[in-house]
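Colleague: here is a sequence together with a model predicted from it:
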Amino acid sequence: MKDGVNGVALAVFIFFFLAVTVMGFLAARWRRAADEHSLDEWGLGGRSFGTWVTWFLLGGDLYTAYTFVAVPAAIYAAGAAGFFAVPYTILVYPLIFTFLPRLWSVSHRHGYVTTSDFVRGRFGSKGLSLAVAVTGILATMPYIALQLVGIQAVLDVMGVGGGENTNWFVKDLPLLIAFGVLAAYTYSSGLRAPALIAFVKDTLIYIVIAVAIIYIPIKLGGFDDIFAKAGDAFAQTNPATGKPRGALAPAEAGQWTYATLALGSALALFMYPHSITATLSSRSREVIRRNTTILPLYSLMLGLLALLGFMAIAAGVKVTNGQLAIPQLFEDMFPAWFAGVAFAAIGIGALVPAAIMSIAAANLFTRNIYKDFIKPDATPKEETRVSKLVSLLVKVGALVFVLTMDKTVAINFQLLGGIWILQTFPALVGGLFTRWFHRWALLAGWAVGMVYGTLAAYGVASPTQEHFGGSSKEIPGIGEIGYIGLTAFVLNVVVTVVLTFVLKALKAPEGVDETSPSDYTADAGDPGVQVELPPATAGAGAGH
């Protein structure tokens with residue numbers, strides 16, 4: 001790692017950071033609504049985004065700074081096992097094509113802002129709705145923290161903030177400034193800010209990857225040399241484990257882990273609140289359907305991005321923290337000015353999803369905790385005010401997490417969040433297609449999945465951590481190592497199905513379903529879509 005501050009790269013980084021900051025504040029005037037004091041406007045952008053805005057917003061939401069840094073870092077550390085992110089993003093789009101349009105339609109007709117709103121309306125259960133909301137908030141918090149970790153990695157490589165012996169305030173001041181700006185324009189502009197900034201973020205990332213995938217291999221002697229050097233490096237013994245560092249292709253022993261992690265991650269991705277928030281901001285059902293067909297372009301980008309991990313090995317990048325491998329590769333291989341562009345892409349790639357995630361978590365708290373359990377008569381204006389304040393608190397919590405805990409802890413808690421959020425799949429996706437599941441059975445299945453997943457992850461050790469050292473463990477009854485989240489999900493479904501039979505036999509009360517079959521296929525222009533909303537959402541602009 002080079003000594004001192006990379007002044008040229010820092011200047012370019014600051015230029016782009018200031019540009020998106022201005023865009024973030026100006027976004028409040030973009031498509032300004034007559035009534036700005038509603039969650040539909042602040043938290044969902046007025047449900048008015050078309051195909052391209054939604055595509056950039058979802059891309060900015062799903063392909064984050066953490067993705068940019070962590071996927072090639074996983075390749076750098078262990079080899080092809082890190083490629084699991086590519087097949088899971090390929091699996092996810094056909095999957096969401098089947099259920100996201102249905103969720104958009106029913107949410108549009110009833111004014112639902114969150115997944116918990118839908119679960120409450122479908123199953124008539126505030127308890128199940130609360131479980132989904134709490135799970136979403138818990139899973140989102142470490143995800144936001146990791147976006148700040150991505151910014152910090154870039155700042156570290158640029159030499160900003162001083163060394164390890166520098167006063168903590170001076171060292172973390174750049175991150176505090178970035179956090180302050182993010183918090184301010186999110187509070188002011190809501191979802192419109194990340195939607196507008198996502199255009200810049202995705203454009204920069206595509207440019208950086210296109211240049212990197214051509215320029216860096218030329219400097220390193222071509223892909224033959226890159227893969228040869230990477231293969232030699234992976235064959236070396238890791239002193240911490242006594243085994244080879246990794247492999248260019250997953251070993252047979254790791255195939256179950258690879259496959260279950262890819263499948264479980266695909267099932268979980270659109271359970272995250274920020275994914276749903278970006279989806280519900282669309283103006284029509286067809287916008288969602290179109291996006292599920294063009295979003296795979298990002299999977300192509302992700303595959304190319306992953307190759308940077310091999311390039312970092314071939315370039316001789318040596319870092320103690322794997323999260324620094326790709327920023328360091330950029331600084332070593334690119335001219336200073338273009339390194340600044342690459343760093344800006346990562347930094348802005350953190351700001352966009354962090355903003356959406358904080359909005360999504362705040363909406364869950366406001367609609368499904370504050371309104372359902374604390375103040376049922378809250379007005380739309382009061383809901384918006386509470387959501388704005390909670391979005392700030394969520395980001396503060398993530399910042400404290402980053403500044404006070406080891407970065408590997410943040411990563412492992414994000415892995416735990418993936419295990420948790422997958423347990424909401426039966427209630428959300430199952431509810432979109434059938435009312436057969438009993439609300440109490442869904443709640444019991446969720447509890448079993450959460451408890452098993454948490455305890456199993458707690459028992460996983462790594463060379464650096466005694467607990468929560470990974471997300472894979474032996475699958476009971478099979479004996480293969482697999483993704484804990486998928487095992488917990490299977491237990492969740494089994495408990496839900498069995499208890500549904502039992503509770504139906506006992507004629508346990510099932511709750512009132514406020515939806516109808518036609519709600520799930522309604523589009524923006526269909527008659528009857530704009531129905532009278534409950535008092536908390538009336539006049540909130542349920543759609544366009």
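Modeller: Noted; the coordinates are in hand.

Colleague: my guess is residue 256 contacts residue 486, does it?
Modeller: No: Residue 256 is beyond contact range of residue 486, at 10.1 Å (criterion: Cβ atoms under 8 Å). All C-beta spots, glycine's among them, are computed from the backbone N, C-alpha and C.

Colleague: after whichever strand or helix holds residue 360, next one along is what?
Modeller: Here residue 360, judged by DSSP states H and E, is contained in helix 336-365. With elements assigned by DSSP H and E, the helix or strand that comes after helix 336-365 is helix 380-404.

Colleague: elements contacting that next one?
Modeller: If contacts are counted by 3 or more Cβ pairs under 8 Å, 6 or more residues apart in numbering; DSSP states H and E, helix 380-404 sits against helix 39-42, helix 126-158, helix 168-189, helix 336-365.

Colleague: swap in 10 Å and give it another go.
Modeller: On a contact count with 3 or more Cβ pairs under 10 Å, 6 or more residues apart in numbering; DSSP states H and E, helix 380-404 meets helix 39-42, helix 126-158, helix 168-189, helix 336-365, helix 407-422.

Colleague: list the buried residues in the fourth one.
Modeller: In terms of neighbour count (16 or more other Cβ atoms under 10 Å), helix 336-365 has its buried residues at 338-365.

Colleague: repeat for stretch 276-286
Modeller: So stretch 276-286, judged by 16+ other Cβ under 10 Å, has buried residues 276-286.

Colleague: returning to that earlier point: and the helix holding residue 360, how far out from the chain middle?
Modeller: 11 Å (Cα atoms, centre = their mean, to the nearest Å).

Colleague: same check on stretch 465-483?
Modeller: 23 Å.

Colleague: measure that stretch end to end?
Modeller: The straight-line separation of the ends of stretch 465-483 (Cα to Cα, to the nearest Å) is 18 Å.

Colleague: repeat for stretch 364-371
Modeller: Start-to-end span of stretch 364-371 (Cα to Cα) is 10 Å.

Colleague: and that stretch, average pLDDT?
Modeller: On average, the pLDDT along stretch 364-371 is 94.

Colleague: stretch 329-339 too?
Modeller: Rounded mean pLDDT across stretch 329-339 is 93.

Colleague: in PDB, list the C-alpha atoms belonging to that stretch.
Modeller: This file holds the C-alpha atoms of stretch 329-339, laid out as PDB (Å, rounded to 0.1, in the frame of the first residue of the first chain):
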ATOM      1  CA  LEU A 329      -5.700  -3.000  -7.100                       C
ATOM      2  CA  PHE A 330      -7.300   0.100  -8.700                       C
ATOM      3  CA  GLU A 331      -4.700   2.400  -7.000                       C
ATOM      4  CA  ASP A 332      -1.800   0.200  -8.100                       C
ATOM      5  CA  MET A 333      -3.000  -0.400 -11.700                       C
ATOM      6  CA  PHE A 334      -4.800   2.800 -12.800                       C
ATOM      7  CA  PRO A 335      -3.600   6.300 -13.400                       C
ATOM      8  CA  ALA A 336      -4.400   8.400 -10.300                       C
ATOM      9  CA  TRP A 337      -7.200  10.300 -12.000                       C
ATOM     10  CA  PHE A 338      -9.000   7.100 -13.100                       C
ATOM     11  CA  ALA A 339      -8.400   5.500  -9.700                       C
END
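
Colleague: from the chain's centroid, how far away is it?
Modeller: Once both centres are worked out by Cα atoms, centre = their mean, stretch 329-339 turns out to sit 27 Å from its chain's centre.

Colleague: overlap in contacts of residue 256 and residue 486?
Modeller: Any residue near both residue 256 and residue 486 by Cβ atoms under 10 Å, 6 or more residues apart in numbering counts here, and that gives 472, 475.

Colleague: the two: who's more crowded?
Modeller: Using other Cβ atoms under 10 Å, the more surrounded residue of residue 256 and residue 486 is residue 486, with 24 against 18.

Colleague: what's the closest non-adjacent residue to that one?
Modeller: Using Cβ to Cβ, 6 or more residues apart in numbering and skipping residues adjacent in sequence, the residue nearest residue 486 is residue 264, 3.7 Å away.

Colleague: could you do residue 324 as well?
Modeller: Nearest residue to residue 324 in three dimensions, chain neighbours excluded: residue 153, at 5.4 Å (Cβ to Cβ, 6+ apart).

Colleague: how about the contacts made by the one you found?
Modeller: The contact partners of residue 153, taken as Cβ under 10 Å, 6+ apart, are 65-66, 68-70, 73, 319, 321-328, 343, 346-347, 350, 407.

Colleague: turn the buried ones among those into a named ChimeraX selection, would you?
Modeller: Those of the contacts of residue 153 that count as buried under 16+ other Cβ under 10 Å are selected in ChimeraX with:
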select :65,66,68,69,70,73,319,322,323,324,325,326,327,328,343,346,347,350,407
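
Colleague: ok, the lowest-mean-pLDDT helix or strand in the chain: who's next to it in the sheet?
Modeller: The helix or strand of the chain with the lowest confidence, counting by mean pLDDT, DSSP states H and E, is strand 237-238 at a mean of 75. Strand pairing for strand 237-238, determined by DSSP bridges: strand 243-244 (antiparallel).

Colleague: can you name the element that comes right after the strand it pairs with?
Modeller: Next along from strand 243-244, by DSSP H and E: helix 255-269.

Colleague: for the chain, give me the ranges with low pLDDT.
Modeller: Residue ranges of the chain with pLDDT under 70: 1-4, 31-36, 161-171, 240-242, 406-410, 463-464, 525-544.

Colleague: what does the residue nearest in space to the middle of the chain show for phi and psi?
Modeller: Residue closest to the mean C-alpha point of the chain, counted by Cα atoms, centre = their mean, is residue 62 at 5.3 Å. Dihedral pair for residue 62: phi -90, psi -30, per degrees, to the nearest 10.

Colleague: quick check, residue 113 in contact with residue 364.
Modeller: Yes: between residue 113 and residue 364 there is a contact under Cβ atoms under 10 Å: 8.9 Å.

Colleague: between these two, which contacts overlap?
Modeller: 276-277, 387.

Colleague: okay if I get those as TSV plus distance to residue 25?
Modeller: Shown next, in TSV, are the shared contacts of residue 113 and residue 364 (distance: Cβ to Cβ, whole Å):
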residue	distance to residue 25
276	26
277	20
387	19
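
Colleague: gap between residue 114 and residue 95?
Modeller: Distance of residue 114 to residue 95, given as Cβ to Cβ, to the nearest Å: 20 Å.

Colleague: and if you look at residue 383?
Modeller: According to Cβ to Cβ, residue 383 stands 31 Å off from residue 95.

Colleague: which one's more surrounded, those two?
Modeller: A side-by-side neighbour count of residue 383 and residue 95, using other Cβ under 10 Å, places residue 383 first with 25 against 16.

Colleague: can you tell me which residues contact that one?
Modeller: Residue 383 sits in contact with 37-39, 42-43, 113, 363, 366-367, 370-371, 375, 536-537, 540, where contact means Cβ under 10 Å, 6+ apart.

Colleague: any idea which of those residues is closest to residue 467?
Modeller: Nearest to residue 467 out of the contacts of residue 383 is residue 363 (Cβ to Cβ; 31.7 Å).

Colleague: tell me how far the closest one lies from residue 394.
Modeller: Residue 363 sits at a distance of 11 Å from residue 394 (criterion: Cβ to Cβ).

Colleague: same deal with residue 520?
Modeller: Distance of residue 520 to residue 394, computed by Cβ to Cβ: 31 Å.

Colleague: equivalent analysis for residue 329, please.
Modeller: Distance from residue 329 to residue 394, counting by Cβ to Cβ: 32 Å.

Colleague: can you check residue 509 too?
Modeller: Distance from residue 509 to residue 394, by Cβ to Cβ: 35 Å.

Colleague: which one's more surrounded, the two?
Modeller: Counted by other Cβ under 10 Å, residue 509 and residue 394 do not tie: residue 394 has more neighbours, with 25 against 10.
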